[in-house]
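Provided below for reference: sequence and predicted model.
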Amino acid sequence: MAETLFHCDDLLWRRFEQLCRDRDETPGAVLRDLVRLEVKRTESRKARSDEVIDERLLVRLRLLVAEALAGSESWGQLHRALGERGLKFVPSGGGLLLVDASTGEPFAKSSQVGPAYLDLVRRFGAGFPGHPRPGLAIQALARP
C-alpha cells in the first residue's frame with residue numbers, strides 16, 4: 001500500500017521495508033516519524049538562519065530577476081539586465097547572492113528570488129564569472 005503512495009527505486013523501498021522490520025512498526029508509523037524528523041530539521045535550520053526578508057521586498061526582487069532572466073541568453077546579458085535594475089549577483093559559498101549594485105547590500109540568495117545557482121549554470125553553461133567553486137558548474141552540466 002505505502003509503495004503506491006510514492007515512487008521510489010527498489011533499493012530505497014527495500015531499505016524502507018528493512019527499517020519497518022527493524023523497528024517492528026507499520027510503514028505508516030515509520031513515515032510519520034520520518035516526517036517529524038524532517039519538520040524538526042527544517043525548523044532548526046530556519047531558527048539558525050537570521051535571514052528574515054520582508055515578503056513584499058522578496059516579491060519585488062522576484063519580479064525584477066524574472067524580467068532580467070526573460071531577455072538573457074548568457075551570464076553577461078543577465079549581468080547587464082540586473083545592472084539596469086540596480087542589482088547584481090555575486091558569488092557566495094556554493095551559490096549566488098543578489099545584492100544592491102551601488103551599495104553592495106545583500107538582499108537574498110538567488111534561489112530565494114529565482115532559479116538556484118545550479119539551474120542557472122544548466123541554462124547559461126559554465127559557472128558564474130568569478131565563482132570560487134567552478135567544480136560545481138561542471139558537475140551541474142554533467143547531470144541530466
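Right, received. Where do you want to start?

confidence-wise, which helix or strand of the chain is lowest on average?
Ranking every helix and strand in the chain by mean pLDDT, DSSP states H and E puts helix 2-5 at the bottom, with a mean of 47.

next helix or strand past that helix?
Following helix 2-5 in sequence order, the next helix or strand is helix 10-23 (DSSP states H and E).

and that next one, which residues are buried?
By 16 or more other CB atoms under 10 Å, the buried positions in helix 10-23 come out as 16, 20. Every residue, glycine included, has its C-beta placed from N, CA and C.

show me what that helix is packed against.
Applying 3 or more CB pairs under 8 Å, 6 or more residues apart in numbering; DSSP states H and E, we find helix 10-23 packed against helix 27-48.

which element follows the helix it packs on toward the C-terminus?
helix 55-70.

report the mean per-residue pLDDT for that next one.
Mean per-residue pLDDT for helix 55-70: 86.

so what does it touch, helix or strand wise?
Counting contacts by 3+ CB pairs under 8 Å, 6+ apart, helix 55-70 packs against helix 75-84, strand 87-92, strand 106-109, helix 110-113.

check which helices and strands the first one is in contact with.
This means helix 75-84. With contacts defined as 3+ CB pairs under 8 Å, 6+ apart, helix 75-84 has these neighbours: helix 55-70, strand 87-92, helix 117-124.

export those to a markdown table and tack on distance to L78 and mean neighbour count?
Shown next, in a markdown table, are the helices and strands packed on helix 75-84 (distance: least, CB to CB, whole Å; neighbours: other CB atoms under 10 Å):
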| stretch | distance to L78 | mean neighbour count |
| --- | --- | --- |
| helix 55-70 | 6 | 14 |
| strand 87-92 | 8 | 18 |
| helix 117-124 | 7 | 19 |
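
great, nothing more from me.
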